[in-house]
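In: let me see the structure of the following:
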Amino acid sequence: MSGPLALVGGAEFGPGNEATDQRLVEAAEAGPAFVLPTAAARQAPERAVANARRWFARWGLDVAELPVLKRGDARSAELTAWAREGRLFYLVGGDPGLVVDVLWDSPVWDAIVRAWRGGAALAGSSAGAMALGGWTLLMAKWPHHRRRRFARALGVVPGLAVLPHYAGAGHSWELEEPPSDAVVLGVDEATSAYWDGEQWLALGPGSIHLNGQTFTEGQVVEGLPRPLVGSGHP
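Out: You can find the predicted model right below:
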């Protein structure tokens, strides 16, 4: 049985995330827990790792860095071996395109997916959450940062496109013509759409926005695709 999956709208490793992260810690049990600063590779990744370690220490969880910052790292036999043993993987925010470029069809990503399908917890915030869908949203043309185009993502949740920071900047993004299978999910900061193995829940102080509906803390989020938990590759 696959482990839980958390799609966080941003502002990770801080107040408001307790409901989501405590569940992730419980799912991790005593196994290795990793933070992947891939999305922050060009933006002080060491700071993201330090924030994760500080935050999860409140639950007694020792989080280590899985330093996958470039394509060569994602092919590393050593890092792949680490990932095989992981019980929690957290993809931080930053550059959404970079996450997909680095992890796509790599041994490290394959090991992470296999671990998740074996019961490990998997989470992503902002750019990290975007990468876990079927589609991520990239800047369409500089300097028009509000206009976004759909681009292939890692596909853990087929067809999904996560719109993070929704109550802030996300709701004002202008999206180009979506693919026919696209399901656009707005997620507020410090809030998650949380797959518990059977259903999607809204967790945190903000809201989840889908198909004109708003879901708040503890509500079941209807209309989201199920994660790809079978043997096929995302």
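
In: can you pull out the low-pLDDT segments for the chain?
Out: The chain contains residues with pLDDT under 70 at 142-145, 170, 229-234.

In: all helices for it, in order.
Out: Remark: helices assigned in the chain by DSSP state H are 18-28, 45-56, 71-74, 77-84, 96-103, 107-117, 127-132.

In: which stretch among those comes nearest residue 62?
Out: Closest of the helices of the chain to residue 62 is helix 45-56, at 7.7 Å (criterion: Cβ to Cβ). Every residue, glycine included, has its C-beta placed from N, CA and C.

In: list the buried residues in the closest one.
Out: Neighbour-count burial for helix 45-56 flags 45, 48-49, 51-53, 55-56 (criterion: 16 or more other Cβ atoms under 10 Å).

In: let me see the ranges of the strands in this structure.
Out: 5-8, 33-36, 63-65, 88-91, 121-125, 133-141, 144-152, 157-163, 174-175, 183-187, 192-195, 200-203, 208-210, 213-215 (DSSP state E).

In: just how off-centre is the first one within its chain?
Out: Centroid displacement of strand 5-8 relative to its chain, using Cα atoms, centre = their mean, to the nearest Å, is 5 Å.

In: need the contact partners of it.
Out: When contacts are defined by Cβ atoms under 8 Å, 6 or more residues apart in numbering, strand 5-8 is touched by residues 17, 20, 23-24, 116, 121-126, 128-129, 132-133, 156-157, 162, 164, 185, 187, 190-195, 203-204, 227.

In: my read: residue 156 touches residue 225, true?
Out: No. At 10.1 Å, residue 156 does not count as touching residue 225 under the criterion of Cβ atoms under 8 Å.

In: between the two, who's got more neighbours?
Out: Ranked by neighbour count (other Cβ atoms under 10 Å), residue 156 and residue 225 place residue 156 first, with 24 against 15.

In: where's that one relative to residue 199, distance?
Out: According to Cβ to Cβ, to the nearest Å, residue 156 and residue 199 sit 16 Å apart.

In: same check, this time on residue 43
Out: 34 Å.

In: next: residue 134.
Out: For residue 134, the distance to residue 199 equals 19 Å [Cβ to Cβ].

In: the two: who's more crowded?
Out: Between residue 134 and residue 199, residue 134 has the larger neighbour count (other Cβ under 10 Å), namely 22 against 12.

In: beta partners for the nearest residue to residue 53 once chain neighbours are set aside?
Out: Leaving out its chain neighbours, the residue that sits closest to residue 53 by Cβ to Cβ, 6 or more residues apart in numbering is residue 63, at 5.0 Å. Per DSSP bridges, the residues bridged to residue 63 are residue 33.

In: residue 56 is in contact with residue 63, correct?
Out: Yes. Look at residue 63 against residue 56 with Cβ under 8 Å: they come within range, at 4.7 Å.

In: which residues sit in contact with the most centrally placed residue in the chain?
Out: With distances taken as Cα atoms, centre = their mean, the residue of the chain nearest its centroid is residue 124 (1.9 Å). Listed by Cβ under 8 Å, 6+ apart, the contact set of residue 124 reads 6-8, 90-91, 130-132.
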